[in-house]
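Asks: Curious how this folds, go ahead:
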Amino acid sequence: MNYIGIDIGSTASKICILRENGEPEFKVMPTGWNSKITSGIILDGLTEELGSVEDCRIVATGYGRISVDYADKVITEISCHGRGGYEMIGRDCSIVDIGGQDTKFINVKGGRAVDFLMNDKCAAGTGKFIEVMANRLGVTIGELFDLAAKGKPLPLSSICTVFAESEVISYMGEGKEKDEIAAGVINSVAVKVVALMQRKELMDTVIVTGGLSDNPFFAKLLSEKLHREVLPMENGRYAGAYGAAILAREKLGR
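Replies: Presented below is the predicted three-dimensional model:
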(Lines give C-alpha, C1' and ligand atoms only; values in the text may rest on other atoms or scores of the structure.)
Protein backbone atom coordinates (compact mmCIF):
# COMPACT_ATOMS: atom_id res chain seq x y z
CA MET A 1 0.00 0.00 0.00
CA ASN A 2 1.27 3.46 -0.93
CA TYR A 3 0.08 6.60 0.83
CA ILE A 4 0.15 9.83 -1.12
CA GLY A 5 -0.20 13.44 -0.04
CA ILE A 6 -0.90 16.12 -2.64
CA ASP A 7 -0.60 19.78 -1.69
CA ILE A 8 -1.90 22.04 -4.47
CA GLY A 9 -0.58 25.47 -3.59
CA SER A 10 -1.25 28.73 -5.38
CA THR A 11 2.28 28.75 -6.83
CA ALA A 12 3.68 25.23 -6.50
CA SER A 13 2.18 21.78 -6.10
CA LYS A 14 3.95 19.28 -3.89
CA ILE A 15 3.60 15.51 -3.77
CA CYS A 16 4.75 13.08 -1.09
CA ILE A 17 4.73 9.30 -1.55
CA LEU A 18 5.00 7.07 1.51
CA ARG A 19 5.71 3.48 0.57
CA GLU A 20 5.52 0.62 3.04
CA ASN A 21 8.57 0.86 5.33
CA GLY A 22 10.15 3.45 3.05
CA GLU A 23 11.41 7.02 3.36
CA PRO A 24 9.11 9.80 2.06
CA GLU A 25 9.62 10.69 -1.59
CA PHE A 26 9.05 14.32 -2.52
CA LYS A 27 8.21 15.95 -5.85
CA VAL A 28 7.28 19.50 -6.85
CA MET A 29 5.89 21.20 -9.94
CA PRO A 30 4.40 24.62 -10.79
CA THR A 31 0.67 24.82 -10.14
CA GLY A 32 0.16 26.94 -13.25
CA TRP A 33 -3.05 28.78 -14.01
CA ASN A 34 -5.46 25.87 -13.50
CA SER A 35 -5.20 23.53 -10.50
CA LYS A 36 -7.59 21.06 -12.12
CA ILE A 37 -5.17 20.59 -15.01
CA THR A 38 -2.29 20.34 -12.55
CA SER A 39 -4.04 17.62 -10.54
CA GLY A 40 -4.49 15.66 -13.79
CA ILE A 41 -0.80 15.97 -14.61
CA ILE A 42 0.03 14.73 -11.10
CA LEU A 43 -2.28 11.75 -11.57
CA ASP A 44 -0.61 10.89 -14.89
CA GLY A 45 2.81 11.05 -13.24
CA LEU A 46 1.75 8.89 -10.31
CA THR A 47 0.19 6.34 -12.62
CA GLU A 48 3.33 6.17 -14.73
CA GLU A 49 5.55 5.74 -11.68
CA LEU A 50 3.37 3.37 -9.64
CA GLY A 51 1.53 1.58 -12.44
CA SER A 52 -1.82 2.46 -10.86
CA VAL A 53 -3.20 4.48 -7.96
CA GLU A 54 -6.01 2.03 -7.26
CA ASP A 55 -4.05 0.44 -4.44
CA CYS A 56 -3.06 3.82 -2.99
CA ARG A 57 -4.66 6.03 -0.38
CA ILE A 58 -4.58 9.70 -1.33
CA VAL A 59 -5.20 12.83 0.75
CA ALA A 60 -5.32 16.25 -0.90
CA THR A 61 -4.71 19.58 0.78
CA GLY A 62 -3.83 23.16 -0.11
CA TYR A 63 -5.29 25.98 -2.14
CA GLY A 64 -6.52 23.69 -4.95
CA ARG A 65 -7.35 20.57 -2.95
CA ILE A 66 -10.92 20.33 -4.24
CA SER A 67 -9.51 19.91 -7.75
CA VAL A 68 -8.00 16.54 -6.82
CA ASP A 69 -11.17 14.58 -7.54
CA TYR A 70 -9.37 11.22 -7.29
CA ALA A 71 -8.34 11.86 -3.66
CA ASP A 72 -9.88 9.59 -1.05
CA LYS A 73 -10.06 12.46 1.43
CA VAL A 74 -9.56 16.22 1.53
CA ILE A 75 -7.98 17.73 4.67
CA THR A 76 -7.28 21.37 5.53
CA GLU A 77 -3.87 22.95 5.07
CA ILE A 78 -3.56 23.72 8.77
CA SER A 79 -3.94 20.08 9.81
CA CYS A 80 -1.59 18.79 7.11
CA HIS A 81 1.10 21.44 7.55
CA GLY A 82 0.97 20.98 11.30
CA ARG A 83 1.37 17.24 11.08
CA GLY A 84 4.09 17.37 8.44
CA GLY A 85 6.12 19.98 10.28
CA TYR A 86 5.80 18.05 13.52
CA GLU A 87 7.08 14.85 11.89
CA MET A 88 9.98 16.70 10.26
CA ILE A 89 11.25 18.28 13.50
CA GLY A 90 10.17 15.40 15.75
CA ARG A 91 8.65 17.43 18.58
CA ASP A 92 6.05 20.04 19.51
CA CYS A 93 6.70 23.25 17.64
CA SER A 94 5.48 26.54 16.22
CA ILE A 95 5.41 26.63 12.43
CA VAL A 96 5.49 29.67 10.19
CA ASP A 97 4.60 28.72 6.63
CA ILE A 98 5.35 31.29 3.90
CA GLY A 99 3.06 30.46 1.00
CA GLY A 100 2.51 32.05 -2.37
CA GLN A 101 -0.66 33.88 -1.34
CA ASP A 102 -0.74 33.63 2.45
CA THR A 103 1.33 33.19 5.57
CA LYS A 104 0.26 30.68 8.20
CA PHE A 105 1.31 30.40 11.84
CA ILE A 106 0.54 27.08 13.54
CA ASN A 107 1.19 25.76 17.04
CA VAL A 108 1.47 21.97 17.08
CA LYS A 109 1.32 19.59 20.04
CA GLY A 110 1.54 15.83 19.68
CA GLY A 111 1.20 16.13 15.90
CA ARG A 112 -2.03 18.12 16.07
CA ALA A 113 -2.56 21.79 15.27
CA VAL A 114 -3.88 23.38 18.47
CA ASP A 115 -3.84 27.04 17.41
CA PHE A 116 -3.25 28.98 14.21
CA LEU A 117 -3.41 32.33 12.46
CA MET A 118 -3.47 33.16 8.75
CA ASN A 119 -2.65 36.34 6.91
CA ASP A 120 -4.36 36.13 3.51
CA LYS A 121 -5.81 39.65 3.20
CA CYS A 122 -2.75 41.16 1.53
CA ALA A 123 0.17 39.79 -0.49
CA ALA A 124 2.70 41.63 1.71
CA GLY A 125 4.68 39.05 3.67
CA THR A 126 4.07 36.26 1.16
CA GLY A 127 5.90 34.57 -1.68
CA LYS A 128 3.95 36.62 -4.22
CA PHE A 129 5.26 39.84 -2.68
CA ILE A 130 8.84 38.56 -3.01
CA GLU A 131 8.22 37.47 -6.60
CA VAL A 132 6.80 40.88 -7.55
CA MET A 133 9.77 42.69 -6.04
CA ALA A 134 12.32 40.35 -7.62
CA ASN A 135 10.75 40.95 -11.01
CA ARG A 136 10.81 44.70 -10.44
CA LEU A 137 14.54 44.52 -9.70
CA GLY A 138 15.18 42.20 -12.65
CA VAL A 139 16.56 39.34 -10.58
CA THR A 140 15.51 35.83 -9.60
CA ILE A 141 14.20 35.15 -6.10
CA GLY A 142 17.46 33.41 -5.25
CA GLU A 143 19.45 36.41 -6.46
CA LEU A 144 17.19 38.74 -4.45
CA PHE A 145 18.10 36.92 -1.24
CA ASP A 146 21.80 36.88 -2.16
CA LEU A 147 21.68 40.64 -2.65
CA ALA A 148 19.70 41.15 0.55
CA ALA A 149 22.32 39.29 2.57
CA LYS A 150 24.93 41.85 1.47
CA GLY A 151 22.97 45.09 1.81
CA LYS A 152 21.83 47.45 4.53
CA PRO A 153 18.01 47.53 4.32
CA LEU A 154 16.31 50.67 3.10
CA PRO A 155 12.98 51.53 4.78
CA LEU A 156 10.11 49.85 2.92
CA SER A 157 6.41 49.48 3.59
CA SER A 158 5.34 46.09 4.97
CA ILE A 159 1.67 47.02 4.75
CA CYS A 160 0.83 46.89 1.05
CA THR A 161 2.48 45.44 -2.05
CA VAL A 162 1.40 48.38 -4.20
CA PHE A 163 2.91 50.95 -1.80
CA ALA A 164 6.09 48.92 -1.40
CA GLU A 165 6.52 48.56 -5.17
CA SER A 166 6.13 52.32 -5.59
CA GLU A 167 8.85 52.83 -2.96
CA VAL A 168 11.12 50.39 -4.79
CA ILE A 169 10.60 52.26 -8.05
CA SER A 170 11.44 55.54 -6.27
CA TYR A 171 14.62 54.04 -4.83
CA MET A 172 15.62 52.78 -8.27
CA GLY A 173 15.04 56.25 -9.69
CA GLU A 174 17.23 57.75 -6.98
CA GLY A 175 20.03 55.37 -7.92
CA LYS A 176 20.06 53.46 -4.65
CA GLU A 177 22.17 50.30 -4.53
CA LYS A 178 20.33 47.16 -5.59
CA ASP A 179 21.52 45.20 -2.55
CA GLU A 180 20.10 47.88 -0.23
CA ILE A 181 16.72 47.76 -1.98
CA ALA A 182 16.74 43.95 -1.88
CA ALA A 183 17.58 44.02 1.83
CA GLY A 184 14.67 46.41 2.38
CA VAL A 185 12.31 44.05 0.56
CA ILE A 186 13.29 40.97 2.56
CA ASN A 187 13.36 42.93 5.81
CA SER A 188 9.79 44.14 5.18
CA VAL A 189 8.66 40.54 4.65
CA ALA A 190 10.32 39.49 7.91
CA VAL A 191 8.63 42.36 9.76
CA LYS A 192 5.23 41.26 8.45
CA VAL A 193 5.83 37.60 9.33
CA VAL A 194 7.12 38.36 12.82
CA ALA A 195 4.12 40.61 13.52
CA LEU A 196 1.87 37.63 12.76
CA MET A 197 3.92 35.27 14.93
CA GLN A 198 3.92 37.63 17.89
CA ARG A 199 0.14 37.54 18.10
CA LYS A 200 0.37 34.05 19.60
CA GLU A 201 2.48 32.37 22.26
CA LEU A 202 5.41 30.55 20.69
CA MET A 203 6.42 26.98 21.45
CA ASP A 204 9.99 26.18 22.50
CA THR A 205 10.87 25.16 18.93
CA VAL A 206 10.05 27.42 15.97
CA ILE A 207 10.50 26.25 12.36
CA VAL A 208 9.94 27.66 8.87
CA THR A 209 8.06 25.73 6.19
CA GLY A 210 6.95 26.74 2.71
CA GLY A 211 9.03 28.12 -0.13
CA LEU A 212 11.49 29.94 2.15
CA SER A 213 11.97 27.04 4.52
CA ASP A 214 15.48 26.11 3.39
CA ASN A 215 16.79 29.70 3.32
CA PRO A 216 19.18 30.12 6.30
CA PHE A 217 19.40 33.90 5.79
CA PHE A 218 15.66 34.36 6.15
CA ALA A 219 15.51 32.11 9.22
CA LYS A 220 18.37 34.11 10.74
CA LEU A 221 16.52 37.37 10.05
CA LEU A 222 13.38 36.05 11.75
CA SER A 223 15.50 34.86 14.68
CA GLU A 224 16.99 38.32 15.14
CA LYS A 225 13.59 40.00 15.12
CA LEU A 226 11.97 37.45 17.43
CA HIS A 227 15.02 37.31 19.74
CA ARG A 228 14.92 33.52 19.65
CA GLU A 229 16.08 30.78 17.28
CA VAL A 230 14.00 30.03 14.20
CA LEU A 231 15.07 26.87 12.37
CA PRO A 232 15.14 26.49 8.57
CA MET A 233 13.92 23.12 7.27
CA GLU A 234 15.58 21.41 4.30
CA ASN A 235 12.36 19.85 3.00
CA GLY A 236 10.01 22.30 4.66
CA ARG A 237 8.22 23.20 1.46
CA TYR A 238 6.82 19.65 1.47
CA ALA A 239 5.38 19.83 5.00
CA GLY A 240 1.78 19.97 3.77
CA ALA A 241 2.17 17.08 1.35
CA TYR A 242 4.08 15.04 3.93
CA GLY A 243 1.42 15.64 6.55
CA ALA A 244 -1.28 14.69 4.05
CA ALA A 245 0.51 11.40 3.27
CA ILE A 246 0.89 10.61 6.98
CA LEU A 247 -2.80 11.31 7.58
CA ALA A 248 -3.67 9.12 4.58
CA ARG A 249 -1.82 6.27 6.28
CA GLU A 250 -3.40 6.91 9.67
CA LYS A 251 -6.97 7.58 8.59
CA LEU A 252 -7.24 5.44 5.46
CA GLY A 253 -4.69 2.69 5.97
CA ARG A 254 -5.65 -0.91 6.30
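
Asks: all contacts plus neighbour counts: C-alpha atoms, from now on.
Replies: OK.

Asks: Double-check that Val114 belongs to a helix.
Replies: No. Assessed with DSSP: H, G, I helix; E, B strand; the rest coil, Val114 is strand; it does not lie in a helix.

Asks: ok, it to Phe105 distance?
Replies: Val114 sits 11 Å away from Phe105, taking CA to CA, to the nearest Å as the criterion.

Asks: same deal with Leu154?
Replies: Look at Leu154 and Phe105: by CA to CA, they are 27 Å apart.

Asks: Which of Val114 and Phe105 has more residues huddled nearby?
Replies: Taking other CA atoms under 10 Å, Val114 and Phe105 do not tie; Phe105 has more neighbours (28 against 13).

Asks: What residue, apart from its backbone neighbours, is nearest that one spatially?
Replies: The shortest distance from Phe105 to any non-neighbouring residue, by CA to CA, 6 or more residues apart in numbering, is to Val96 (4.6 Å).

Asks: cool, Arg57 as well?
Replies: Leaving aside its sequence neighbours, Arg57 sits nearest to Tyr3 (CA to CA, 6+ apart; 4.9 Å).

Asks: With Leu226 instead?
Replies: Leaving aside its sequence neighbours, Leu226 sits nearest to Val194 (CA to CA, 6+ apart; 6.8 Å).

Asks: what bridges to the residue nearest in space to the middle of the chain?
Replies: Nearest to the mean C-alpha position of the chain, by CA atoms, centre = their mean, lies Gly210 at 1.8 Å. Beta bridges link Gly210 to Ile98, judged by DSSP bridges.

Asks: Quick check: pLDDT value at it.
Replies: We have a pLDDT of 90 for Gly210.

Asks: Now do the contacts for it.
Replies: Residues in contact with Gly210, defined by CA atoms under 8 Å, 6 or more residues apart in numbering, are 97-99, 236-239.

Asks: Do a quick rundown of the strands in the stretch 151-254 of the chain.
Replies: Secondary structure of the stretch 151-254 of the chain (DSSP state E, counting those that start in this stretch): strands at 206-210.

Asks: Low-confidence regions, the stretch 151-254 of the chain specifically.
Replies: For the stretch 151-254 of the chain, the stretches with pLDDT under 70 are 157-159, 254.

Asks: Residue most distant from the centroid, the chain?
Replies: Centroid-distance maximum for the chain: Glu174 at 33.9 Å, with CA atoms, centre = their mean.

Asks: what about that one, distance to Ile181?
Replies: Distance, Glu174 to Ile181, using CA to CA: 11 Å.

Asks: just how off-centre is the helix ranked longest in the chain within its chain?
Replies: Taking DSSP state H as the criterion, the chain has its longest helix at helix 178-197. Distance of helix 178-197 from its chain centroid, counting by CA atoms, centre = their mean, to the nearest Å, is 17 Å.

Asks: That helix - contacts with which helices or strands?
Replies: Under the contact definition 3 or more CA pairs under 8 Å, 6 or more residues apart in numbering; DSSP states H and E, helix 178-197 sits against strand 103-109, helix 127-137, helix 141-150, helix 161-173, helix 216-226.
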